[in-house]
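In: here is a sequence with its predicted model. Questions after.
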Amino acid sequence: MKRTFQWNNVLLGIIVVALAIFPFISDSRTWTILLTQIFIFSILGMSYDILLGYTGIVSFGHAMFFGMGAYTTAVMLKNIEPTMGVFLLSIGAGMVIAGTISFFIGLLTLRLKTHFFAMFTLAVSGLFLVLAEKWRTVTHGNDGFTFKAPEFFKDRIMFYCAALFCLVLVYFFLRRFVNSPFGRILVAVRENEQRTLSLGFNTLHYKVIASVVAGVVASLAGSLYAVSLRFVNTSVLSLDITLDALLMTIIGGVGTLIGPILGAGIIELSQHYLSGLAKEYPIFERWIIFFGITFILAVIFFPKGVVGTLREKLWKRRTKTTKENAKKEGL
């Protein structure tokens, strides 16, 4: 296990280094922007994985925390001044707002079970969407507004590096979080909440904290997303954002952290290439259909997600090899 853990760290280190030097050896602006979007949505996907993969909570309102981060950063950069100090302050403010709201929502609603909680989060998210559409003096409604990014991010490469740094930082933070004793209890809640409760653990307490952590991380993703576009409107609060996070988690692998990163890459690359083919081949003008077929094939051939399925096959192979070696030694 220790050797495997070390090799995993080495592999991750190689990938991070390769991604870090990529924009300096390639002059492709398209790939730089595309990878930046993958980094941002990977953070969103990992935040959703804390809820679905490690706690067993299905939420249809995760986009509201993403939107809170996006709007907080956009409003502060537009109304104060577009500097790095204000940008960092806006990230912190967005996290505090998202964390506070997720705490109270979780405290009031996480007593609900399964689909009841999912429907309630969808309703709350809808309320925030309506609020953003009606509060035009701040949000400009569905029309949205543009704003200036900090001078440091005028060069897309600098923002690319900042997004990659945030992705790595969030990944190691969440990995430490889920591998801690607290994270083990979250998994126990996911597997059997009643038994965990009977052992003396306040399951509501653990679920609320998981909800707060997921909301705070989603807010960070929203702040980065807003700056990447230099524009924000009510689409950052739409159900599509939550569904994207859900698909990234399911396709990549629920309860793996690496899975949502891979899922974000698959979804963003699929959208990019399928929409690009529409310009050359008329059959791809309805590229969203092929997009859906890609998801169906992924679920059929990787029922536990790409990472989850590969991990299961590797575990079965190791178990089989161990048993064969044990039989040989017995003989």
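Out: Sure, I can see it. If you're wondering where the values come from, they're calculated on a predicted model, not measured in any experiment.
In: could you count how many residues lie near F22?
Out: F22 sits with 16 neighbouring residues when counted by other Cβ atoms under 10 Å. Where you see a C-beta, it was placed from the backbone N, CA and C, and this is true even at glycine.
In: which ones are touching it?
Out: W31, T32, L35 (Cβ atoms under 8 Å, 6 or more residues apart in numbering).
In: quick one, phi/psi of T146?
Out: phi -100, psi 160 (degrees, to the nearest 10).
In: and it, what is it in contact with?
Out: R230, F231.
In: in the stretch 51-200 of the chain, where is pLDDT below threshold?
Out: For the stretch 51-200 of the chain, the stretches with pLDDT under 70 are 112-114.
In: and the nearest residue to I258 once chain neighbours are set aside, which helix or strand is it part of?
Out: Nearest non-adjacent residue to I258, counting by Cβ to Cβ, 6 or more residues apart in numbering: V307, 5.4 Å away. Counting by DSSP states H and E, the element that carries V307 is helix 306-330.
In: T196 sits in which helix or strand?
Out: Using DSSP H and E, T196 falls in helix 193-198.
In: packing partners of the next helix or strand after that helix?
Out: Using DSSP H and E, the helix or strand that follows helix 193-198 in sequence is helix 203-229. For helix 203-229, the packing partners by 3 or more Cβ pairs under 8 Å, 6 or more residues apart in numbering; DSSP states H and E come out as helix 29-52, helix 63-79, helix 84-109, helix 156-179, helix 181-191, helix 193-198.
In: JSON lines please, covering the ones you listed and showing distance to P260 and mean neighbour count.
Out: Listed next are the helices and strands packed on helix 203-229 as JSON lines, based on distance: least, Cβ to Cβ, whole Å; neighbours: other Cβ atoms under 10 Å:
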{"stretch": "helix 29-52", "distance to P260": "3", "mean neighbour count": "23"}
{"stretch": "helix 63-79", "distance to P260": "14", "mean neighbour count": "26"}
{"stretch": "helix 84-109", "distance to P260": "18", "mean neighbour count": "18"}
{"stretch": "helix 156-179", "distance to P260": "10", "mean neighbour count": "17"}
{"stretch": "helix 181-191", "distance to P260": "16", "mean neighbour count": "17"}
{"stretch": "helix 193-198", "distance to P260": "23", "mean neighbour count": "13"}
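In: and stretch 8-19, average pLDDT?
Out: Across stretch 8-19, the average pLDDT comes to 86.
In: for stretch 30-42, same thing?
Out: So the average pLDDT for stretch 30-42 ends up being 94.
In: contacts for it, please.
Out: Outside stretch 30-42, the residues touching it (Cβ under 8 Å, 6+ apart) are 19, 22-23, 26, 156-157, 159-160, 163-164, 166-167, 221, 224-225, 228, 244-245, 248, 260-261, 264-265, 267-269, 272.
In: send the alpha carbons of that stretch over as PDB?
Out: Output in PDB follows, covering the C-alpha atoms of stretch 30-42 (Å, rounded to 0.1, in the frame of the first residue of the first chain):
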ATOM      1  CA  THR A  30      -7.200  27.500 -27.400                       C
ATOM      2  CA  TRP A  31      -5.600  24.700 -25.400                       C
ATOM      3  CA  THR A  32      -4.600  27.100 -22.700                       C
ATOM      4  CA  ILE A  33      -8.100  28.300 -22.200                       C
ATOM      5  CA  LEU A  34      -9.600  24.800 -22.500                       C
ATOM      6  CA  LEU A  35      -7.300  23.400 -19.900                       C
ATOM      7  CA  THR A  36      -8.000  26.300 -17.600                       C
ATOM      8  CA  GLN A  37     -11.700  25.600 -17.800                       C
ATOM      9  CA  ILE A  38     -11.000  21.900 -17.000                       C
ATOM     10  CA  PHE A  39      -9.000  22.900 -13.900                       C
ATOM     11  CA  ILE A  40     -11.900  25.100 -12.700                       C
ATOM     12  CA  PHE A  41     -14.600  22.500 -13.300                       C
ATOM     13  CA  SER A  42     -12.400  19.900 -11.700                       C
END
